[in-house]
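**Student:** predicted coordinates and the sequence they were generated for:
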Amino acid sequence: MPVPVYYMDSRSRSAKTSSIAKIRALLAKVVESAPEAVRTGDLCAIKIHFGELGNDAYISPVFARAASDAARAGGAKPFFTDTNTLYTGSRSNAVDHLETAIAHGFVPEVCGAPVIIADGIQSNDWREVALSGDCTRLKSAKIAGGILDADSMIVLSHVKGHEMAGFGGAIKNLAMGCAPFVGKREQHCVKFQVKDAKCIACGQCVSVCPTGAATLQKVKGEKASINQEACIGCGECMTVCAPKAIGMDWEVGIEEFTEKMTEYALGAITGKKDRLIFVSIVQKVVPLCDCVPWSDVPVVPDIGFLASTDPVAIDQAAFDLVKAATVWPGSALDGKAGPGDDKFTAMHPNTRSELQLSHGERIGLGTRDYELVRI
Ligand code: SF4
Ligand code: SF4
């Protein structure tokens, strides 16, 4: 039987149909369908991405308020949460991360709940959880303590592209977003190389590399170089390299990365059977993750808002809506894709977006069989 994914489109014609009113209405609908998901006295984690400093496509704290209000209406004590990043940016420890969240408006007066970084000050707060026997890549996953300690969870995801995952939605939000450094490393199982001819020695890769693996080498005529022993495969150097001088062995690594990531999403919901609500914002569908310190033009016009209790169903619905959309003129996909094309593969040709969905279904994370219910 198909799982309902509740949907409202982005068009608004009155205050009653404002974006905020829609997110509240969708949350009310999904809570009505799953009244036991958030209960009185719960410590309710609202998993969100606060956005890297410089990015402006992350979910607005004004939208996020709808989630904390819904949790409080159910008698819960909500808190907003995310984990520290592997790369050296504005969210690589809990102090910088909190300051970034505050700079982006995530203060209780706006979003309605405190921010708690789930894996602690330096990402040492985590526990190992066993994965189901259907998982083929991993037997266990390392998940942040603040996620495991929460009684229930509302997962607020911004749908967008991603350099390695292709599609970024609820599965990716759970998988990378609930894992400490060591868990993120375990998922990033690929290696990267510099193509000398394209490298302009800008040093961007060196500044984001968390391990010092990327360096500028004078002996190579001032080109970047990656020490394969020190590289942990986080992919941040590739993300920030404007001339696309950094590549990975896609044939070897991408399937394993995608499947491990999906298995981590299963680990992130350990102990929360029937205690989960997912809301996805299908607006500002930009080519790259909110981890980058900038935001490009969205590749499709704003689509709308989704809510469900199933992470695979909501991701499948978002993927299908973006696939059906027209391309935004002047965006990265202008002239490269159209209605009916997989926009995520068009943006990131070597990635395996749909493998997140098929592997997610295979390991019991959720179902691809959904019914889009317009409210
Ligand atoms: S970011 Fe790219 S172009 Fe810049 S130094 Fe690194 S590899 Fe070279
Ligand atoms: S060189 Fe390796 S560790 Fe450094 S940023 Fe690139 S992928 Fe990450």
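**Tutor:** That came through, no problem. Ligands and ions are numbered 1, 2, ... in the order given.

**Student:** okay, and the closest residue in space to G146 that isn't next to it in sequence sits in which element?
**Tutor:** Leaving aside its chain neighbours, G146 sits nearest to A118 (3.1 Å; criterion: Cβ to Cβ, 6 or more residues apart in numbering). Any C-beta I mention is one placed from the backbone N, CA and C, and that applies to glycine too. Assigned by DSSP states H and E, A118 belongs to no helix or strand.

**Student:** tell me if I'm right that A118 and C178 touch.
**Tutor:** Yes: A118 is within contact range of C178, at 6.8 Å (criterion: Cβ atoms under 8 Å).

**Student:** identify the contacts common to the two.
**Tutor:** T83, A144, I147 (Cβ atoms under 8 Å, 6 or more residues apart in numbering).

**Student:** what does stretch 201-217 contact?
**Tutor:** 86-89, 92, 194, 222-232, 234, 236-237, 239-242, 246.

**Student:** out of those residues, which are close to ligand 1?
**Tutor:** Among those, the ones lying near ligand 1 by Cβ under 6 Å from any ligand atom are V194, A224, V240, C241, I246.

**Student:** what does the stretch 151-300 of the chain put close to ligand 1?
**Tutor:** Taking Cβ under 6 Å from any ligand atom as the contact definition, the stretch 151-300 of the chain meets ligand 1 at 194, 199-205, 224, 240-241, 243, 245-246.

**Student:** just the buried members of the residues you listed?
**Tutor:** Among these, those scoring as buried are V194, C199, Q204, C205, A224, V240, C241, A245, I246 (criterion: 16 or more other Cβ atoms under 10 Å).

**Student:** list just the nearest of these to I171.
**Tutor:** V240 (23.9 Å; Cβ to Cβ).

**Student:** thought the closest one was touching C289?
**Tutor:** No: counting by Cβ under 8 Å, V240 stays clear of C289, with 11.6 Å between them.

**Student:** with adjacent residues omitted, what lies nearest to the residue in the stretch 51-200 of the chain that ligand 2 sits nearest to?
**Tutor:** Closest approach between the stretch 51-200 of the chain and ligand 2, counting by Cβ to the nearest ligand atom: F192, at 4.6 Å. Nearest residue to F192, sequence neighbours excluded (Cβ to Cβ, 6+ apart): M248, at 5.0 Å.

**Student:** how many neighbouring residues does N227 have?
**Tutor:** With neighbours defined by other Cβ atoms under 10 Å, the count for N227 comes to 12.

**Student:** which residues sit in contact with it?
**Tutor:** Contacts for N227 were tallied using Cβ under 8 Å, 6+ apart; they are G212, A213, A214, T215.

**Student:** how near is the closest residue to W294 other than its chain neighbours to P293?
**Tutor:** Using Cβ to Cβ, 6+ apart and skipping the chain neighbours, the partner closest in space to W294 is G54 (5.5 Å). Between G54 and P293 the distance is 3 Å, computed by Cβ to Cβ, to the nearest Å.

**Student:** so what sits against both of those two?
**Tutor:** Contact criterion Cβ under 8 Å, 6+ apart; residues shared by G54 and P293: S90.

**Student:** just to revisit the earlier point, between A118 and C178, tell me which one has more neighbours.
**Tutor:** Legend: neighbour count by other Cβ under 10 Å for A118 and C178, higher for C178 (32 against 28).

**Student:** isn't the more buried one right up against D125?
**Tutor:** No: judged on Cβ under 8 Å, C178 makes no contact with D125 at a distance of 12.0 Å.
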